[in-house]
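>>> Build me a model:
(chains A and B)
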Amino acid sequence: EAQVTQNPRYLITVTGKKLTVTCSQNMNHEYMSWYRQDPGLGLRQIYYSMNVEVTDKGDVPEGYKVSRKEKRNFPLILESPSPNQTSLYFCASGQGDPYEQYFGPGTRLTVT
Amino acid sequence: DAKTTQPTSMDCAEGRAANLPCNHSTISGNEYVYWYRQIHSQGPQYIIHGLKNNETNEMASLIITEDRKSSTLILPHATLRDTAVYYCIVRGPYSGGGADGLTFGKGTHLIIQP
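Reported below is the predicted structural model:
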């Protein structure tokens, strides 16, 4: 089944403790992206990647890192999480038309 | 990108066609209309997109007016599982120089009534 998977789905952590949220897609898509969703603010793009080793900042990249060493994986790294990064995070992938995106199930992160 | 206006919420009876309107009066000639939906706290789901011709796929139909200032997403036989927030998004064609993200507004909360 074609899908985008994210792990973990739920995470509660403390300020400053490094964490990684994994994202993997099995559709051989070139384009991958991370969004966060907050009440009243909608979805905002954090980082995106057009292909392996090609990444770029989205609208809200501060406090996040990404890497794209393989086509299928696009992990999101929070080196020193803070409470304002408490959010619902979505990974997405696409091929050809990057606005036709396929989203993962989401990761709900709470930073205390 | 052109701004879109959608009703905040709509009801539809199960089994009937759900018609979701979107106003995009400032759309320019090369901008596409995309529709996504999001079932509560799940990832957004791509539904359909179009430029000026009507489009249909296994999920829905998209009707774009001749002047392209508005469009309607039609779910032909709505089920309870279609209850979701539906987003209408207008974007220009991908130019190849990098892809900024999709901008989801407030959307329409469609409630399918049994």
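
>>> Not counting its neighbours along the chain, what's nearest the residue most central in space within chain B?
Central residue of chain B (CA atoms, centre = their mean): residue B:35, 3.0 Å from the mean position. Nearest non-adjacent residue to residue B:35, counting by CB to CB, 6 or more residues apart in numbering or on different chains: residue B:47, 4.3 Å away. All C-beta spots, glycine's among them, are computed from the backbone N, C-alpha and C.

>>> Look at that neighbour and say how many residues are nearby.
21 (other CB atoms under 10 Å in any protein chain shown).

>>> Against residue B:6, how distant is it?
Separation of residue B:47 from residue B:6 (CB to CB, to the nearest Å): 14 Å.

>>> Please apply the same query to residue B:109.
With CB to CB as the criterion, residue B:109 and residue B:6 are 10 Å apart.

>>> who has more neighbours, these two?
Higher neighbour count among residue B:109 and residue B:6: residue B:6, with 21 against 17, using other CB under 10 Å.

>>> For chain A, see how far away that one is.
The gap separating residue B:6 from chain A is 13 Å, by CB to the nearest CB, to the nearest Å.

>>> quick one: contacts for that residue?
B:20, B:21, B:22, B:23, B:86, B:87, B:88, B:105, B:106, B:107, B:108 (CB atoms under 8 Å, 6 or more residues apart in numbering or on different chains).

>>> from those residues, which are also near chain A?
Among the contacts of residue B:6, the residues lying close to chain A (CB under 8 Å from any CB of the partner chain) are B:105, B:106.

>>> Out of the contacts of residue B:6, which sit inside strands?
Those of the contacts of residue B:6 mapping onto strands are B:20, B:21, B:22, B:23, B:86, B:87, B:88, B:108, per DSSP state E.

>>> Please convert these to JSON lines, extending it with pLDDT.
Putting those into JSON lines (pLDDT from 0 to 100) gives the following:
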{"residue": "B:20", "pLDDT": "98"}
{"residue": "B:21", "pLDDT": "98"}
{"residue": "B:22", "pLDDT": "97"}
{"residue": "B:23", "pLDDT": "96"}
{"residue": "B:86", "pLDDT": "97"}
{"residue": "B:87", "pLDDT": "95"}
{"residue": "B:88", "pLDDT": "95"}
{"residue": "B:108", "pLDDT": "96"}
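
>>> that older thread, list residues touching both of residue B:47 and residue B:6?
residue B:86.

>>> re earlier: and the residue nearest to residue B:35, what pLDDT?
You'll see residue B:47 listed with a pLDDT of 96.

>>> what does residue B:76 give?
96.

>>> sec struct for the residue nearest to residue A:65 when sequence neighbours are not counted, please.
Spatial nearest neighbour of residue A:65, excluding adjacent residues (CB to CB, 6+ apart): residue A:77 at 4.2 Å. At residue A:77 the chain is in strand, as set by DSSP: H, G, I helix; E, B strand; the rest coil.
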